[in-house]
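Q: let me see the structure of the following:
(chains A and B)
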Protein chains: 2
Amino acid sequence: MNVLIVGANGQIGQHLVDELKNEGKHKPIALVRKEEQVEKFKEKGVEARLGDLEGTVTEIKESMHDVDAVVFAAGSGGSTGDDKTLLIDLDGAVKVIEATKASGIDRFIMISAFGADDRDRWSEDLKPYYVAKHFADMWLMDSSLNYTIVRPGMLENKESIGKVLVKDAITDTEVFSIPRIDVAKVIVSALDNEKTYHKFFDLVTGDDSIKNALNKL
Amino acid sequence: MNVLIVGANGQIGQHLVDELKNEGKHKPIALVRKEEQVEKFKEKGVEARLGDLEGTVTEIKESMHDVDAVVFAAGSGGSTGDDKTLLIDLDGAVKVIEATKASGIDRFIMISAFGADDRDRWSEDLKPYYVAKHFADMWLMDSSLNYTIVRPGMLENKESIGKVLVKDAITDTEVFSIPRIDVAKVIVSALDNEKTYHKFFDLVTGDDSIKNALNKL
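A: Numbering: from 1, shown residues only, chains lettered A, B, ... in the order given. The predicted structure is shown next:
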C-alpha cells in the first residue's frame, strides 16, 4: 500500500516514515506543510507532498492521488493556542477524513489521545485538546471508512521497547507511557491487520509483542 | 410546553424568557450558572435552575425534569479564549444534547451561527468559533432529536423589526443583520411549528412576518 502520513514532519510522523521504510512492505508518502520539509524527505528518498490542513477539502484531496491508506499523525502541538486546536486537531482532521472519503480511499488510522472517548478521563488542563480529539474520533467512526483509532498514553522520546498493552480502556496498569517509536511500530503493524479494523484502543508499554497484542483485539 | 432556556442570562436568552412570558403559551424555565442569576429570574416570576455546561451530562440532566423542549442559547462569548469555545460552544452543547436525549425530551432548538454549515462562509477571525458551532450542529442533526437550527446573521441590540428572511443559505441579500429580540421571537414561533422541525436555516431581517417566513420552510 501507498501510505500517506499526514503530519509526517511531527515526532511520531518521522518515526512512521522510517518504520515504513525499514519494514519495506508499504511505501510511505509524507504530507507536510512546508517546501523545505518536502526537500528534507526527498533527500531521504521518501516521496513528499505539500498539504495544509487549514486549506480546503478539495486542496487536501489533491495530495491523495495513488494513496491506499491515510495515517493522521498531525497535531497543532503544545506551543499554539486553542484556536489551532479547533482548526487542526478537530476541523483539520475532519477535512482529511472527508478528503479520504472523496478520494475513494478506505483505510484510515487516527492517532488520538489516551482515554479520548471518556470525558471522565480527560485531565483538567488538557480538556480543550480532548474535546477536539474526541469529536474528530467520533467523526471518523461515523464516516464509513475502515478506521483504527490508536490512543497512546504519555508519549516519550525513548528507544523502542517493543512490548505493548492494547485495550479499549486502560485504567489499571502501572505504566501509562509509551515511546513514540513504538506508537509508530504499532501503526505499521496495524495497517493491514484485520483485527484492528473498525477498532479503537488505548496503547501503553506492556508485556506483549506488538503482533500478539494486536491479534488479541 | 415547559421550555428550558440554556444560557437564559445571555442577551438572546433574556429576550427569549421575556418573549415566552409575554406570549403565554409556553412556560420558560431559565437555566443559569450562578445563584444570583437564579434569584434575578425568580424576582421576575420566572422559574430558574442552576446548571453548568462544564459539568457532567448527568449533572446537566438533573436540571431537565418536567421539561418538554430545550433551547440552546448559551455561548462562551467574545471575552473568553478558545478553550471555552471548545468546552462550552462545542462540548457544552453536545452534553446538553446528550442530557436532552437521556431525559426523553424530543424538541431542541439550537442557536447557531450564520453560515455555520459551510466552511467557505466562515470569516477568518471567527473560524475557531465556527468550527465549534458547526460540529455541535452536526451532532444535533445526527442525534434523533426533533431539532431546529437557527443561524442568525449579525446580532444587534435594536428594537424589534419583526420582519425576517429565512432560508437554507442566505448569501444574496442586502441586510445581513437582525435584532436579538427578533431571533428570540423566531424561536418562540418555531417551538411548535412543524414546518421548522428537522430544519436548519439562516436568519436575517427581511420582508416577511415571522409566521409567514417559517411557514414557507
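
Q: alpha carbons only for contacts and neighbour counts from here, please
A: Noted.

Q: flag every buried residue along the host helix or strand of A:E19.
A: Assigned by DSSP states H and E, A:E19 belongs to helix A:11-23. By neighbour count with 16 or more other Cα atoms under 10 Å in any protein chain shown, helix A:11-23 contains the buried residues A:Q11, A:I12, A:G13, A:Q14, A:H15, A:L16, A:V17, A:D18, A:E19, A:L20.

Q: near chain B too, which of those residues?
A: Restricting the buried residues of helix A:11-23 to those within reach of chain B (Cα under 8 Å from any Cα of the partner chain) leaves nothing.

Q: mind putting those residues into CSV with pLDDT?
A: Formatted as CSV, those follow (pLDDT from 0 to 100):
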residue, pLDDT
A:Q11, 96
A:I12, 98
A:G13, 98
A:Q14, 98
A:H15, 98
A:L16, 98
A:V17, 98
A:D18, 98
A:E19, 98
A:L20, 98
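
Q: so which of those comes closest to A:D208?
A: Distance to A:D208 across the buried residues of helix A:11-23 (Cα to Cα) is lowest for A:E19, with 19.2 Å.

Q: can you pull the pLDDT of the residue nearest to A:A169 when sequence neighbours are not counted?
A: Of all residues beyond its chain neighbours, the one nearest A:A169 is A:D202 (5.7 Å), with distances taken as Cα to Cα, 6 or more residues apart in numbering or on different chains. With respect to pLDDT, A:D202 scores 97.

Q: can you tell me the SS state at A:D202?
A: Following DSSP: H, G, I helix; E, B strand; the rest coil, A:D202 is assigned to strand.

Q: quick one: it and chain B, what's the gap?
A: Taking Cα to the nearest Cα, to the nearest Å as the measure, A:D202 and chain B are separated by 22 Å.

Q: now do A:T148
A: Relative to chain B, and taking Cα to the nearest Cα, A:T148 is found at 21 Å.

Q: tell me the helix or strand right after the helix or strand of chain A with the lowest mean pLDDT.
A: Least confident helix or strand, chain A: helix A:82-84 with a mean of 94, by mean pLDDT, DSSP states H and E. Downstream of helix A:82-84, the next assigned helix or strand under DSSP H and E is helix A:91-102.

Q: interface residues of chain A facing chain B?
A: Checking chain A against chain B by Cα under 8 Å from any Cα, the hits are A:G81, A:D82, A:D83, A:K84, A:L86, A:L87, A:D91, A:K127, A:P128, A:V131, A:A132, A:F135.

Q: now with 7 Å, please.
A: A:D82, A:D83, A:L86, A:L87, A:D91, A:P128, A:V131 (Cα under 7 Å from any Cα of the partner chain).

Q: most widely separated two among those?
A: Maximum distance among the residues of chain A next to chain B (Cα to Cα): 13.6 Å, for A:D91 and A:P128.

Q: before we move on, the earlier item: and the residue nearest to A:A169, what is it in contact with?
A: A:F114, A:G115, A:V150, A:R151, A:P152, A:V166, A:K167, A:D168, A:A169, A:I170 (Cα atoms under 7 Å, 6 or more residues apart in numbering or on different chains).

Q: center of chain A, which residue is that?
A: By Cα atoms, centre = their mean, the mean C-alpha position of chain A lies nearest to A:I111, the distance being 3.0 Å.

Q: which residues does that residue bridge with?
A: A:V150 (DSSP bridges).

Q: thought A:S209 was touching A:L165, still the case?
A: No: the criterion here is Cα atoms under 7 Å, and A:L165 misses it with A:S209 at 8.7 Å.

Q: neighbour-wise, which of those two wins?
A: A:L165 (22 against 16; other Cα atoms under 10 Å in any protein chain shown).

Q: okay, the residue nearest to the more buried one when sequence neighbours are not counted: pLDDT?
A: Nearest residue to A:L165, sequence neighbours excluded (Cα to Cα, 6+ apart): A:G206, at 4.3 Å. Here the pLDDT value assigned to A:G206 is 97.

Q: so A:I161, which state does it fall into?
A: A:I161 - assigned by three-state DSSP - is coil.

Q: give me the secondary structure label for the closest residue to it other than its chain neighbours.
A: Distance criterion Cα to Cα, 6+ apart; nearest residue to A:I161, sequence neighbours excluded, is A:D182 at 7.0 Å. Classification of A:D182 using three-state DSSP returns helix.

Q: for chain A, longest helix please?
A: Secondary structure of chain A per DSSP state H: the longest helix is helix A:127-141.

Q: alpha carbons only: can I get that helix in PDB?
A: Extracted as PDB, the C-alpha positions of helix A:127-141 are listed here (Å, rounded to 0.1, in the frame of the first residue of the first chain):
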ATOM      1  CA  LYS A 127      -9.700  19.300  28.300                       C
ATOM      2  CA  PRO A 128      -9.900  21.600  25.200                       C
ATOM      3  CA  TYR A 129      -7.500  19.300  23.400                       C
ATOM      4  CA  TYR A 130      -9.500  16.200  24.400                       C
ATOM      5  CA  VAL A 131     -12.700  17.800  23.100                       C
ATOM      6  CA  ALA A 132     -11.100  18.300  19.700                       C
ATOM      7  CA  LYS A 133      -9.700  14.700  19.600                       C
ATOM      8  CA  HIS A 134     -12.900  13.200  20.800                       C
ATOM      9  CA  PHE A 135     -15.100  14.800  18.200                       C
ATOM     10  CA  ALA A 136     -12.600  14.000  15.400                       C
ATOM     11  CA  ASP A 137     -12.600  10.400  16.500                       C
ATOM     12  CA  MET A 138     -16.400  10.300  16.600                       C
ATOM     13  CA  TRP A 139     -16.500  11.800  13.100                       C
ATOM     14  CA  LEU A 140     -14.200   9.100  11.900                       C
ATOM     15  CA  MET A 141     -16.200   6.300  13.500                       C
END
